[in-house]
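Undergrad: give me the fold of what follows.
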Amino acid sequence: MRVVVADDAVLVREGITALLRASGADVVSQVGDVEQLLREVHRHEPDVAVVDIKMPPTHTDEGLVAAGRIRAGQPGVGVLVLSQYLEATYAMRLVAEHPEKVG
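TA: You can find the predicted model right below:
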């Protein structure tokens, strides 16, 4: 499984990457912002993109918007949205728009 990991917190990004690699996943890229995320997903066409909801520059819903763009433009890429925030409406919005290959 080829994976792109996106989180602006380096420790979180490194931790997720270490866990994925330990389980046998091929992490092809780690990124800290949405523009890098979209570029790397387009470049590598991974099986999965792991995306934080709140990313730079405003730390509101940039990651979620990027996840929707990934699902719309590259439907073969699964998206796993992670967040430390308990805002179910963010996740439900993505699931409502693109229910397949989303977690």
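
Undergrad: tell me which stretches of the chain form strands.
TA: All strands of the chain, identified by DSSP state E, fall at 2-6, 26-31, 48-52, 78-82.

Undergrad: report the central residue of this structure.
TA: The residue lying closest to the centre of the chain (Cα atoms, centre = their mean) is Val51, at 2.1 Å.

Undergrad: ok, what's across the strand from it?
TA: Legend: beta-bridge partners of Val51 under DSSP bridges are Ala6, Val81.

Undergrad: quick check, it in contact with Val81.
TA: Yes: applying Cβ atoms under 8 Å, one finds Val51 in contact with Val81, separated by 5.4 Å. Heads up, the C-betas are built off the backbone N, CA and C, glycines and all.

Undergrad: overlap in contacts of those two?
TA: Gly63, Leu64, Ala67 (Cβ atoms under 8 Å, 6 or more residues apart in numbering).

Undergrad: the second one reaches Val79, doesn't it?
TA: No: shown here, Leu64 and Val79 do not form a contact pair, counting by Cβ under 8 Å, at 9.6 Å.

Undergrad: so which bits of stretch 18-27 are buried?
TA: Leu20, Ala25, Val27 (16 or more other Cβ atoms under 10 Å).

Undergrad: same check, this time on stretch 57-75
TA: Asp61, Glu62, Gly63, Leu64, Val65, Ala66, Ala67, Gly68, Ile70, Arg71.
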